[in-house]
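> Give me a 3D structure for the following:
(2 chains)
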Amino acid sequence: MDDEVEMVTIYVMGKRHRVPAGLTIMKAMEYAGHQFRRGAGCRGGFCGACATIYRTKGSYKLQGALACQKIVEDGMYIAQIPFSPAEKKTYNIEELRPDAGVFLEYYPEIARCLSCNTCTKACPQDIMVMDYVQAALRGDVEEAAKLSFDCIGCGLCAVRCPAEIVPYNIGQLARRLYSRHIVGPTEHVLKRVREIEEGRFDEEIEELKTLDREALQERYETRERRL
Amino acid sequence: MRLPYYPGCTLKTTAQNFEESALASARALGVELVELPRWNCCGTVHALAKDDVMHYLAPIRNLIRVEEMAESGLVDEKRVVTLCAMCYNTLKRANAVVKEDQEKMQKVREIMERENPYGGSVQVVHLLQVLRDLDWSKVADRVERPLKGLRVAPYYGCLLLRPRGFGIDDVDNPQVMERLLEALGAEVVNIPFKTKCCGAYHTVQMKEVVAELSHRILDQASSAGADMVATACPLCEYNLGPRQEEVKKLFRGFAPLPVVYFTQLMALAFGLEEATGFEQNDPDPRPALRARGLLKEES
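This is a model prediction of the structure:
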């Protein structure tokens, strides 16, 4: 095999493996015999389940990536962070006001932010994490919501933050506040919810439940043509 | 004249009346304060430990933003204007330290890594300095409604003046707010405690300490016949203003005294009453202003 395909050496939690170059970290780990029970989800870079940290050969830098997106490099040391321990507060969004006080009440540790920017450097989505935490701190809910929009909650910012802030929870709260209290519900969503409640799609759903695999696949593949 | 403006968090939350009145008054004088498109916390408190580089990241990052902003042509100068005394102090001192200490500057650069290196070209000023540089006669010329008969005690607190060498005016006997108030037509009430401490962050844990210190200052102003106190610091405003609830508990017979930002009085004198935001002050300064016939609004 080594003769046909270019191979690279990676270290998964310290153990050396030879894997084909060009694989993602996730595929390389599966190639090396790992089976994912946690730390894998959509495999398309959208779900944030496969947060991974790594160092490359000769570099002091500890870097973060999504295992399903990052291509392995020769000499890469890899460890997965399938879960980042973080307390997620329970709140009733209807009762909250979109201002700085809300963030300080539920996540008072955000006041510890030193603007060191470690979170931003850790983000595999290239989000300006520190900037949205700072926007939240000064009550700029709209800015915090917009800057954090692409967050997939992988947790790498939270495990790297020296102030122990959980930025993705801040971003999520900001987006909820923004959509509930600043933008408000939009007419097309309300209309669709009404349609669902009135049972407009019930018949179609019932029909789908009776279809076999082939018929379902056909429907899926032709879905755009039928619209 | 377009100058970069660094607001800081308080101006966006509890001191919105400070910001609104400042921006409107400055504009009336031909000074456009343009908010930095991107900014973070000032750093809050200047780091005194020599090896505490982490606490320089926030202020220096803001100064880098000022340089970037100037390069993009949004402003005419790299003189960044502050309103909050805390922001002024922290940015000013961090700027001085890294300019002097190349080793520290290098360390800041390495930790930041992704930022443009700070060129050290920014000057940190307070709005009061900008006004002084304009000349008081210009301010006086702009006055539409002189604050005639209004007796105001200027109060500076610490961060605008100390430590020596970093202040906007004389450490012991500052005069800049006095000159401004005179230009606005107000009567200046001089109080010896105008540079004494308001209790600062003790307000979080030891309200009674703040109440005692505030009482000394307020009592002096009242005794000297002041209608209100003018300040340039949101923390002083809080400790001298809303904290009067605590003062009342400790000192029987204490009569409330309004505390306002100097910019609110400036907006009022410039005829920009809609930008004064007096309704956000506690105690309410409007009865005292009404008594001097200075408010247009009927209520």
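> need the helices for chain A, in chain order.
Using DSSP state H, the helices of chain A run over residues A:25-31, A:100-106, A:118-122, A:129-137, A:141-147, A:156-160, A:167-177, A:187-197, A:202-210, A:213-221, A:223-226.
> tally of neighbours for residue B:1?
Other residues near residue B:1 come to 14 when the count uses other C-beta atoms under 10 Å in any protein chain shown. The C-beta positions use only the backbone N, C-alpha and C, and glycine is treated the same way.
> Just give the nearest non-adjacent residue to it, would you?
Counting by C-beta to C-beta, 6 or more residues apart in numbering or on different chains, the nearest residue to residue B:1 once its immediate chain neighbours are dropped is residue B:31, at 5.3 Å.
> who's in contact with the one you found?
B:1, B:3, B:130, B:134 (C-beta atoms under 8 Å, 6 or more residues apart in numbering or on different chains).
> farthest pair in those?
Using C-beta to C-beta, the pair of the contacts of residue B:31 lying farthest apart is B:3 and B:134, separated by 11.5 Å.
> and these two? which has more neighbours close in?
A count of neighbours by other C-beta under 10 Å puts residue B:3 above the other of residue B:3 and residue B:134, at 21 against 16.
> phi, psi of the more buried one?
Residue B:3 has phi and psi values of phi -120, psi 140 when expressed as degrees, to the nearest 10.
> Quick check, pLDDT for it.
On the pLDDT scale, residue B:3 is placed at 98.
> Quick check, it in contact with residue B:33.
Yes: taking contact to mean C-beta atoms under 8 Å, the distance of 5.9 Å between residue B:3 and residue B:33 places them in contact.
> so what sits against both of those two?
Between them, residue B:3 and residue B:33 share these contacting residues under C-beta under 8 Å, 6+ apart: residue B:81.
> Rebuild the contacts of residue B:31 as JSON lines, extending it with secondary structure and distance to residue A:206.
Converted to JSON lines, those look like this (DSSP: H, G, I helix; E, B strand; the rest coil; distance: C-beta to C-beta, whole Å):
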{"residue": "B:1", "secondary structure": "coil", "distance to residue A:206": "70"}
{"residue": "B:3", "secondary structure": "strand", "distance to residue A:206": "67"}
{"residue": "B:130", "secondary structure": "helix", "distance to residue A:206": "71"}
{"residue": "B:134", "secondary structure": "helix", "distance to residue A:206": "76"}
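> shaky segments in the chain?
By default, I'm working from chain A. Within chain A, the segments meeting pLDDT under 70 span A:1-3.
> could you do chain B instead?
Within chain B, the ranges that satisfy pLDDT under 70 run B:297-299.
> Tell me the residues on it that lie near chain A, please.
Counting by C-beta under 8 Å from any C-beta of the partner chain, the residues of chain B lying close to chain A are B:8-9, B:12-13, B:38-41, B:43, B:54-55, B:57-58, B:61, B:111-115.
> Filter the residues you listed down to the ones in strands?
With strands defined by DSSP state E, no entry of those lies inside them.
> What count of nearby residues applies to residue A:13?
Counted with other C-beta under 10 Å, residue A:13 comes out at 10.
> Identify the residues contacting it.
By C-beta under 8 Å, 6+ apart, the contact set of residue A:13 is A:78, A:79.
> again, 6 Å this time
Residue A:13 sits next to residue A:79 when contact means C-beta atoms under 6 Å, 6 or more residues apart in numbering or on different chains.
> Checking residue B:51 next. Helix, strand or coil?
Per DSSP: H, G, I helix; E, B strand; the rest coil, the local secondary structure of residue B:51 is coil.
> now residue 57, nearest residue through space, not along the chain?
This is for chain A. Distances taken as C-beta to C-beta, 6+ apart place residue A:75 nearest to residue A:57, at 2.9 Å, with adjacent residues excluded.
> You answered for a different chain; I wanted chain B.
Ranked by C-beta to C-beta, 6+ apart and with sequence neighbours excluded, the top spatial neighbour of residue B:57 is residue A:116, at 5.2 Å.
> Buried residues of stretch B:103-122, list them for me.
Along stretch B:103-122, the positions that meet the burial threshold by neighbour count (16 or more other C-beta atoms under 10 Å in any protein chain shown) are B:104, B:105, B:108, B:109, B:111, B:112, B:115, B:118, B:122.
> Figure out the length between the terminal residues of it.
Start-to-end span of stretch B:103-122 (C-alpha to C-alpha, to the nearest Å) is 19 Å.
> returning to that earlier point: take the residues of chain B next to chain A and keep only those in helices.
Secondary structure assignment by DSSP H places B:9, B:12, B:54, B:55, B:57, B:58, B:61, B:111, B:112 of these in helices.
> Of these, just say which sits nearest to residue A:196.
Taking C-beta to C-beta as the measure, residue B:12 is the one of these closest to residue A:196, at 40.0 Å.
> tell me the contacts of that closest one?
Residues A:138, A:139 are the ones in contact with residue B:12 under the rule C-beta under 6 Å, 6+ apart.
> Not counting residues beside it along the chain, what's closest to the residue nearest to the spatial centre of chain A?
In chain A, the residue lying closest to the centroid (C-alpha atoms, centre = their mean) is residue A:152, at 2.1 Å. Here the nearest residue to residue A:152 in space, its sequence neighbours aside, is residue A:48; by C-beta to C-beta, 6+ apart that works out to 3.4 Å.
> I figured that neighbour hits residue A:154, correct?
Yes: using C-beta atoms under 6 Å, residue A:48 is in contact with residue A:154, at 3.8 Å.
> These two - which one has more neighbours?
Neighbours per residue (other C-beta under 10 Å) separate residue A:48 from residue A:154, with residue A:154 holding more: 26 against 18.
> Please tell me how far that one sits from chain B.
Spatial separation of residue A:154 from chain B under the definition C-beta to the nearest C-beta, to the nearest Å is 20 Å.
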